[in-house]
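Trainee: Below is the sequence, then the predicted model.
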Amino acid sequence: MSKKTQLVVANRTLAVSNLDKVLWPKAGFTKGEMIHYYIQIAPVLLPHLKDRPLTMKRYPNGVDAEFFYEKNCPTHRPNWVKTARVWSEGNNRDMHYCLAQDLPTLVWAANLADIELHTSLSRKKNVTKPTMMVFDLDPGAPADIVQCCQVGLWLREILETMKLRSFAKTSGSKGLQLYVPLNTSVTYDQTKALSHALAEFLEREHPKLVVSKMAKALRTGKIFVDWSQNDEHKTTICVYSLRAKDEPTASTPVTWEEVEETVKKKKAKQLVFHCEQTLKRVEKIGDLFAEVETLKQKLPKKWEL
């Protein structure tokens, strides 16, 4: 039988259940601790969730058990949970995604064991227009985040020649992700074309380390530069989201100095952040990803690689 209790969050009373249920068995990390993390990280997390259609990745029985993605916001949601209507070509119908606009909604989602928060690169007002371009650097064993950092530095350098600033964060899993804030009029066709070209360029320049094709058989010991995330129908793990790994790690912003140091020292573990470490970093240095939501940059009209 589920153990239910009442939680008052920002003047809303929420029914939460099974707070002592262990969701990360190897770490002994409970649902209550997960909700507590999301409440603490909310001041920097919510601006990155606001107005972005949310795909929930739910683990009702913990990270070692079955999970499911939930795109349509549950019909049993409270009436104050906002939604965004998005046409789905694959389903040939409108989908109604949850919007995590405030702390009560975030806590409500966490109570549903929505461990991972996967968001659109667009905002609800115009889901066909991305506000950013993203590169997911995914290592194929025995490569790890150290090699991801090297590829990330190469990519940053190329972007700088295009007068584009980029921001790095850990995926919270194995890899590194680069975000290029745009916040100007741009289409997915444009961001996908440029990101694909950049991935192929890196593969040509560094064929021993970089691969741009999706086939997993090609990834052994290499870094897959996943450009395909730049798509209207795809989502990426939101910054500060927890991940369903052995430990409750979080997708955490890092400085370029930290990326460089990781390459220099070849220490992959220094870019693995338990959620408690992520909270301490935010308390100390604030939100390194804040500009991703506000910085306006234009893609070059013409580019050659």
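Mentor: In hand now; what should we look at?
Trainee: show me where this protein has helices.
Mentor: 31-49, 103-111, 145-161, 188-205, 256-265, 275-285 (DSSP state H).
Trainee: Please compute how far the fifth one lies from its chain's middle.
Mentor: Think helix 256-265. Chain-centre distance of helix 256-265: 21 Å, with C-alpha atoms, centre = their mean, to the nearest Å.
Trainee: Please name every helix or strand in contact with that helix.
Mentor: If contacts are counted by 3 or more C-beta pairs under 8 Å, 6 or more residues apart in numbering; DSSP states H and E, helix 256-265 sits against helix 145-161. From N, CA and C alone the C-beta is placed, and that goes for glycine too.
Trainee: now swap in the second one and tell me
Mentor: Using 3+ C-beta pairs under 8 Å, 6+ apart as the contact criterion, the secondary-structure elements in contact with helix 103-111 are strand 4-9, strand 12-17, helix 31-49, strand 93-99.
Trainee: which stretches of the stretch 1-150 of the chain aren't confidently modelled?
Mentor: When residues are selected by pLDDT under 70, those of the stretch 1-150 of the chain lie in 1.
Trainee: quick revisit: tell me which of the helices of the chain is the most buried.
Mentor: Ranked by mean neighbour count, those are led by helix 103-111 with a mean of 22 (mean count of other C-beta atoms under 10 Å).
Trainee: Report the inter-axis angle for that helix versus helix 31-49.
Mentor: Comparing the axes of helix 103-111 and helix 31-49 via axes from the mean of the first three to the mean of the last three C-alpha atoms, to 10 degrees yields an angle of 130 degrees.
Trainee: any idea how far the residue positioned nearest the centre of the chain lies from Gln229?
Mentor: The structure's the chain has its C-alpha centroid closest to Ile237; by C-alpha atoms, centre = their mean the separation is 2.1 Å. Going from Ile237 to Gln229 by C-beta to C-beta, to the nearest Å gives 10 Å.
Trainee: Output stretch 9-16 as CSV, nothing but the C-alphas.
Mentor: Provided in CSV are the C-alpha atoms of stretch 9-16 (Å, rounded to 0.1, in the frame of the first residue of the first chain):
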residue,chain,number,x,y,z
VAL,A,9,4.6,23.9,-2.3
ALA,A,10,4.4,27.5,-3.2
ASN,A,11,0.9,27.8,-1.6
ARG,A,12,-0.4,24.6,-3.3
THR,A,13,-1.1,21.4,-1.5
LEU,A,14,0.2,18.3,-3.2
ALA,A,15,-0.5,14.7,-2.4
VAL,A,16,2.8,12.8,-2.6
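Trainee: Tell me how many other residues crowd the nearest residue to Lys125 once chain neighbours are set aside.
Mentor: Leaving aside its chain neighbours, Lys125 sits nearest to Asp51 (7.1 Å; criterion: C-beta to C-beta, 6 or more residues apart in numbering). Applying other C-beta atoms under 10 Å, we find 18 residues neighbouring Asp51.
Trainee: my read: Asp51 touches Leu99, true?
Mentor: Yes: proximity of Asp51 to Leu99 meets the contact threshold set by C-beta atoms under 8 Å, at 6.6 Å.
Trainee: Between those two, which contacts overlap?
Mentor: Taking C-beta atoms under 8 Å, 6 or more residues apart in numbering as the contact rule, Asp51 and Leu99 both touch 84, 124.
Trainee: Ok, which of the helices of the chain comes nearest Ala250?
Mentor: helix 275-285 (4.2 Å; C-beta to C-beta).
Trainee: so that closest one versus helix 31-49, what angle?
Mentor: With the same axes, to 10 degrees applied, the angle from helix 275-285 to helix 31-49 works out at 40 degrees.
Trainee: which other residues reach helix 275-285?
Mentor: 37, 40-41, 44, 240, 242, 248-250, 252, 273.
Trainee: mind giving me the domain split of the chain?
Mentor: 4-126, 132-293 (automatic domain parsing).
Trainee: Export those domains as TSV, with columns for distance to Leu299.
Mentor: Output for these, formatted as TSV (distance: least, C-beta to C-beta, whole Å):
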stretch	distance to Leu299
domain 4-126	14
domain 132-293	6
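Trainee: related to what we said a few turns ago, can I get the contacts of helix 275-285 in JSON lines with distance to Lys284?
Mentor: Below are the contacts of helix 275-285 laid out as JSON lines (distance: C-beta to C-beta, whole Å):
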{"residue": "Tyr37", "distance to Lys284": "17"}
{"residue": "Gln40", "distance to Lys284": "14"}
{"residue": "Ile41", "distance to Lys284": "14"}
{"residue": "Val44", "distance to Lys284": "12"}
{"residue": "Tyr240", "distance to Lys284": "15"}
{"residue": "Leu242", "distance to Lys284": "20"}
{"residue": "Pro248", "distance to Lys284": "20"}
{"residue": "Thr249", "distance to Lys284": "18"}
{"residue": "Ala250", "distance to Lys284": "15"}
{"residue": "Thr252", "distance to Lys284": "13"}
{"residue": "Phe273", "distance to Lys284": "13"}
